[in-house]
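Engineer: missing the sequence, but the structure's below:
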C-alpha cells in the first residue's frame, strides 16, 4: 500500500550518509518507534537484523536483509514479521553541495487493521523518520543550513 520517494541534497559526503544508514545497530538510538535492534549478522556487503517497532502499545518484530554497495546504495529487503512486503532503497551520489540522497520505501501489512492505521499516519510517520536520519547526520557530522528538499 504505502509508497514514498524522497530526493534531498545534504551537506555530507556519500560515504558519511552510507555509513550512517548502514549502521542498523544504532537505529534504536535515534529512530522514532524503534525500541530495540538485534543484528544477526553483519559484513561489509550484507547485514541481517531484527527491529522491534512499537507505537501506542503495539509492538512488532520484523527482520530485514540489508544489502550494502559502498558508497552508493543500500537496499533493504523484508525477511519476516507483520508485513506482507517491504522494499526500501537508498542511493547516495556526490553533489557539489555534498550528497544527493534518493530514498524510496514501499510496504504493506498483512493485517488490514495495521494497514489502515499505517495509511492514515504514513506521511507523518515517514517525515518523522526522515527527519530523524537528517538530525542524526547533523549530530554525527555537523549541521549545515544548505540542505534542500524536493519530494517526488
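Structural biologist: Sure thing, it's come through. Note that the structure is predicted; figures quoted are calculated from it, not measured.

Engineer: show residues contacting the helix or strand hosting residue 99.
Structural biologist: Assigned by DSSP states H and E, residue 99 falls within strand 98-109. Strand 98-109 is contacted from outside by 1-14, 16-17, 78, 82-94, 115, 118, 126, 130, 144, 146, using Cβ atoms under 8 Å, 6 or more residues apart in numbering. Just so you know, the C-beta spots here come from the backbone N, C-alpha and C atoms, and that holds for glycine as well.

Engineer: write the ChimeraX selection for whichever of those are buried.
Structural biologist: This is the ChimeraX syntax for the buried subset of these, where burial follows 16 or more other Cβ atoms under 10 Å:
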select :2,4,6,8,9,10,11,12,13,14,16,17,78,83,86,88,89,90,91,92,115,118,126,130
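
Engineer: who does the strand holding residue 99 pair up with?
Structural biologist: Strand pairing for strand 98-109, using DSSP bridges, gives strand 3-10 (antiparallel), strand 83-95 (antiparallel).

Engineer: tell me the helix or strand right after that strand.
Structural biologist: Downstream of strand 98-109 (by DSSP H and E), the next one is helix 112-141.

Engineer: counting by contacts, list what that following helix packs against.
Structural biologist: Helix 112-141 sits against strand 3-10, helix 14-22, helix 27-30, strand 98-109, with contacts defined as 3 or more Cβ pairs under 8 Å, 6 or more residues apart in numbering; DSSP states H and E.

Engineer: mind running it again at 10 Å?
Structural biologist: strand 3-10, helix 14-22, helix 27-30, strand 46-55, strand 58-69, strand 83-95, strand 98-109, strand 148-151 (3 or more Cβ pairs under 10 Å, 6 or more residues apart in numbering; DSSP states H and E).
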